[in-house]
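A.B. asks: model the structure of this input:
(one chain, ligands or ions: 1)
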Amino acid sequence: MSLKFTQDVTNARILSVGAYRPPRVVPNSEIIQRIDSTDEWIQQRTGIQTRHFADADESLIDMAEKSALIAIERAGMTAQDIDAVIFATISYPYQAPSAATELLVRLGNVKAAAFDISAACAGFCYGVALANDLVRNKTAKNVLVMGAEKLSDFTDPEDRATAFIFADGAGAVVIGPSQDIGIGPTVWGASAETREAIVLEPSFLEFKKNPGNADIGWPNIIQQGQTVFRWAVYEIAPIALRTLEAAGLTPETLEVFIPHQANDRIIESLVKSMKLPESVVVAHDIRTSGNTSSASIPLAMDALLAEKPELHGKSALLVGFGAGLVYAGQVVELPSRPVQKSN
Ligand SMILES: CC(C)(COP(=O)(O)OP(=O)(O)OC[C@H]1O[C@@H](n2cnc3c(N)ncnc32)[C@H](O)[C@@H]1OP(=O)(O)O)[C@@H](O)C(=O)NCCC(=O)NCCS
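C.D. replies: Residues are numbered from 1 along each chain as shown. Next up, the predicted model:
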């Protein structure tokens, strides 16, 4: 039997980006006492100078809502125009209902399709891939892709391997129909044999089953730093080059590079391995935002566009990678300048 319908496709692009960083700026000096470290060591190994932590009463959804509203307004829309929400996160502490439906309630639009995805620091790029396909196939018209994390809740401040890396924030994009192709093919995959390299342990189940056991603490990110570093440096550069090629670009014709903000040394090493010329503008938001996992790429995109408005509409290579280990990348056309509100 063949189904009887016509498959009408359109192009998609990122229409707008919005970001939210909690107001509390945390310098390295506030982290180092508990891990016997120094500001110099952290800056030299990661590039991080400061990061933002949300207060105890500021939730992941609070941050997501603020960035989503900015993205929606910049697209010249209201929340009612959004018909699907894809929420990438690893720090929403509920299995159900999803963070995406919680966000819908806040936005006052409870009818849109909504779901979460768990792909850690690649989550935002996974979301862009899905949103592109939803819009292209007209399953949805305007998709909000969220990346939001409150990693300060899941980082042990006494762990020398993680306490200085992870941070809080939220970033969102609206992806909608476009005349031209604004999102290139996604190159994605996993290195699942290395899944032990970044884990959240113990599980909530173990935590719940052992309330009195001091050895079973609250779930925190545990990371094998050198394994992750080597994987990112050696595996991601060829994937990023494949992503460029799939979009018909070369290092010479690319305009902007926005990799996951894991670590400045990883970013520098990718730039070198890919032989990106100096003309390519590279995001270094890690220095003042830390590693915010799924939020890092939209946060970095927003910061670059604020700092260099001339980059609106330019081609940008996005590459996310992290726990799984998983990765995803695509070349996108950066959003045009925000729609001005008429009075
Ligand atoms: C985490 C990371 C910065 C640690 O750096 P590293 O060089 O691998 O650190 P090591 O554990 O090998 O330790 C090297 C030295 O630094 C010391 N050290 C480790 N952590 C330290 C800290 N927080 N402060 C000061 N010194 C520290 C060690 O004691 C060791 O000292 P020694 O040489 O005298 O024995 C690095 O592995 C890294 O950047 N990994 C990738 C992490 C990442 O990007 N994660 C996100 C993925 S999405």
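
A.B. asks: closest residue of the stretch 1-150 of the chain to the ligand?
C.D. replies: residue 37 (3.0 Å; Cβ to the nearest ligand atom). Using the backbone N, CA and C atoms, a C-beta is placed for each residue, glycine as well.

A.B. asks: pull the contacting residues for that residue.
C.D. replies: 28, 31, 160, 164 (Cβ atoms under 8 Å, 6 or more residues apart in numbering).

A.B. asks: got a pLDDT number for it?
C.D. replies: Note on residue 37: pLDDT of 96.

A.B. asks: what's the burial count for the residue of the chain at minimum distance from the ligand?
C.D. replies: Relative to the ligand, the nearest point of the chain is residue 225 (2.6 Å; Cβ to the nearest ligand atom). The tally of other residues near residue 225 (other Cβ atoms under 10 Å) stands at 16.

A.B. asks: that one touches residue 161, doesn't it?
C.D. replies: Yes. Counting by Cβ atoms under 8 Å, residue 161 is a contact partner of residue 225 at 5.2 Å.

A.B. asks: tell me who's in contact with the residue nearest to residue 51 when sequence neighbours are not counted.
C.D. replies: If the residues on either side of it in the chain are set aside, residue 51 comes closest to residue 290, at 3.0 Å by Cβ to Cβ, 6 or more residues apart in numbering. By Cβ under 8 Å, 6+ apart, residue 290 lies in contact with 48, 50-52, 165-167, 261.

A.B. asks: my guess is residue 274 meets residue 237, correct?
C.D. replies: Yes. The criterion here is Cβ under 8 Å, and residue 274 meets it with residue 237 at 5.3 Å.

A.B. asks: so for the residue of the chain closest to the ligand, what's the pLDDT?
C.D. replies: Residue 225 is assigned a pLDDT of 89 by the prediction.

A.B. asks: how about residue 343?
C.D. replies: Note on residue 343: pLDDT of 50.

A.B. asks: residue 104 now?
C.D. replies: On pLDDT, residue 104 comes in at 97.

A.B. asks: just the one 4 residues further on next, same as before
C.D. replies: Reported pLDDT at residue 108 in the predicted model: 96.

A.B. asks: leaving out chain neighbours, which residue sits closest to it?
C.D. replies: Leaving out its chain neighbours, the residue that sits closest to residue 108 by Cβ to Cβ, 6+ apart is residue 79, at 5.7 Å.

A.B. asks: how far away is the one you found from residue 177?
C.D. replies: Residue 79 sits 18 Å away from residue 177, going by Cβ to Cβ, to the nearest Å.

A.B. asks: same thing with residue 145?
C.D. replies: Taking Cβ to Cβ as the measure, residue 145 falls 15 Å from residue 177.

A.B. asks: more neighbours: which of these two?
C.D. replies: Just comparing residue 145 and residue 177: by other Cβ under 10 Å the higher neighbour count belongs to residue 145, 31 against 16.

A.B. asks: just the element for the more buried one, please.
C.D. replies: Following DSSP states H and E, one finds residue 145 within strand 143-150.

A.B. asks: got the phi/psi numbers for residue 314?
C.D. replies: Per-residue torsions, residue 314: phi -80, psi 160 (degrees, to the nearest 10).

A.B. asks: was I right to think it contacts residue 332?
C.D. replies: No. Between residue 314 and residue 332 there is no contact under Cβ under 8 Å: 9.8 Å.
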